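Colleague: Build me a structure from this.
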Amino acid sequence: MINSYFDKIIYSGGLKYINNNFTMMGIPFVMVPTELLVGLSSSPDVNFQKELYITAKKSAYKSLKTQFGIDFRQEGDKGLKVIEDFFTASGWGLLSSIDLDLEHKRAIIVVNNSAIGTALQGKVKQPCDHLMRGIIAAIFQDFFNEEVDCVESECIAMNDPKCKFIVKLPHEFDFSKENVRQQLTAE
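Modeller: Prediction:
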């Protein structure tokens, strides 16, 4: 038993290994050691971190909706739950949406036991889950049907008890805060 989510996928034939490649529900994927992602996430270069976030956001926005076949406008919270379950079951940590404000297009997402944050605990000087920020921003950009950004306001790597991500419209972020300036580019 891996976990109940993947057990269902395996049992239903949704996990396949063909021509030396994995697919899950028709989505190609690879298994990689966390340390490979930690190496990217721990870079002290703020410009690299921003680029990693932007690239992850663009890539996830372009591919996740198509690959998962989720139309957030129709499925709403149910679609978000599928994504939360998938990333949690995949070992990223326990994702949960703790505050969703549809009217103002804002969300707060908490990740307990982040694989990246836990591996970097006490080893970095700023929040480090840039890939996760990009993925979360892409998911909510599609969910809200409007450009949003994501900032990690708490991080296990910084000895916070959890990782906390703030999603909102780009112009609503306060660029007088150093944490925001380190993670986003003002435009």
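Colleague: can you list the weak-confidence ranges in this structure?
Modeller: Where the chain drops to pLDDT under 70, the residues are 1-14, 24-26, 65, 67-76.
Colleague: For it, which segments count as strands?
Modeller: Remark: strands assigned in the chain by DSSP state E are 15-18, 21-24, 27-29, 94-101, 106-112, 149-154, 163-168.
Colleague: so which of the ones you listed comes closest to residue 84?
Modeller: strand 94-101 (4.5 Å; Cβ to Cβ). For the C-beta atoms, the positions are set from N, CA and C on the backbone; glycine is no exception.
Colleague: strands paired with the closest one, and their directions?
Modeller: Counting by DSSP bridges, the strands paired with strand 94-101 are strand 106-112 (antiparallel).
Colleague: now the strand it pairs with: how far from the chain's centre is it?
Modeller: Taking Cα atoms, centre = their mean, to the nearest Å, the mean C-alpha location of strand 106-112 is offset from the chain mean by 10 Å.
Colleague: Geometrically speaking, which residue is the centre of the chain?
Modeller: Closest residue to the average C-alpha location of the chain: residue 132 at 2.9 Å, with Cα atoms, centre = their mean.
Colleague: wait, what's in contact with that residue?
Modeller: By Cβ atoms under 8 Å, 6 or more residues apart in numbering, the contact set of residue 132 is 92, 111, 114, 116, 152, 163, 165.
Colleague: Likewise for residue 107?
Modeller: 97, 99, 100, 101, 140, 166, 167, 168.
Colleague: now do 6 Å
Modeller: Contacts for residue 107 were tallied using Cβ atoms under 6 Å, 6 or more residues apart in numbering; they are 100, 140, 167.
Colleague: Give the buried subset of those as a PyMOL selection command.
Modeller: PyMOL command restricting the contacts of residue 107 to the buried ones, with burial defined by 16 or more other Cβ atoms under 10 Å:
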select buried, resi 100+140+167
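Colleague: What is the nearest of the contacts of residue 107 to residue 57?
Modeller: So of the contacts of residue 107, ranked by how close each gets to residue 57 (Cβ to Cβ), first place is residue 140, at 10.2 Å.
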